[in-house]
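1. Fold the stuff below for me.
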Amino acid sequence: MKSVEIDFNLYVSDGANTSFITTGKYIEFSEFRRINFIEETEIKADTYIDIYKDKVVLERNGQIYMKMEYELNKTNTVYMKTDFNYELSMDSFTKKLEIGDDYVDIIYQTETDKEEGLTHNLVVKWK
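-> Down below sits the predicted model:
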């Protein structure tokens, strides 16, 4: 395990974005690598990004629990639950999945995004 600087960017095709830089942890396991950090947003979610050879799993814990899995050209189910016990699940399709030694670059579209003609681009870098 080592301490890393994390550059988090989530862009929406309508121009909205969430970006921050924070410190976190980088851990290597036999099957995957993990990035863990506290989001520098209002909800301060404890976020885990598990990076496998051909997929990425993002899990957020806090006021919102969310789990998303990204596999290129595949549809997966997004699970979300708030601390008010509101639960939601929806499909999400991964249009782009690029995994590097020190970054992930993902373009995905949820069911709601598709209805609204939007996509999300998640880019996370660490050093």
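
2. Work out for me the element Ile106 sits within.
-> Using DSSP states H and E, Ile106 falls within strand 103-110.

3. what's in contact with the next helix or strand along the chain from that strand?
-> Heading C-terminal from strand 103-110, the first helix or strand you meet, by DSSP H and E, is helix 111-116. Residues from elsewhere that reach helix 111-116, judged by Cβ atoms under 8 Å, 6 or more residues apart in numbering: Asp14, Met90, Asp91, Ser92, Phe93, Thr119, His120. Heads up, the C-betas are built off the backbone N, CA and C, glycines and all.

4. Kindly recompute the last result at 10 Å.
-> Under the contact criterion Cβ atoms under 10 Å, 6 or more residues apart in numbering, helix 111-116 has outside partners 12-14, 75, 77-78, 88-93, 109-110, 118-120.

5. Check the offset of that helix from the chain's centre.
-> Relative to the centre of its chain, helix 111-116 is centred 18 Å away, using Cα atoms, centre = their mean, to the nearest Å.

6. for the spatially most central residue of the chain, what are its contacts?
-> The chain has Leu58 as the residue nearest its centroid, 4.4 Å off, counting by Cα atoms, centre = their mean. For Leu58, the contacting residues are 35, 47-51, 66-70, 78, 104, 106, 122, 124, by Cβ under 10 Å, 6+ apart.

7. try 8 Å this time
-> With the criterion set at Cβ under 8 Å, 6+ apart, Leu58 makes contact with Thr47, Tyr48, Ile49, Asp50, Met66, Lys67, Met68, Glu69, Tyr70, Leu122.

8. Look up the closest residue to the first one, ignoring the ones flanking it.
-> The shortest distance from Thr47 to any residue other than its chain neighbours is 5.0 Å, reached at Arg60 (Cβ to Cβ, 6 or more residues apart in numbering).
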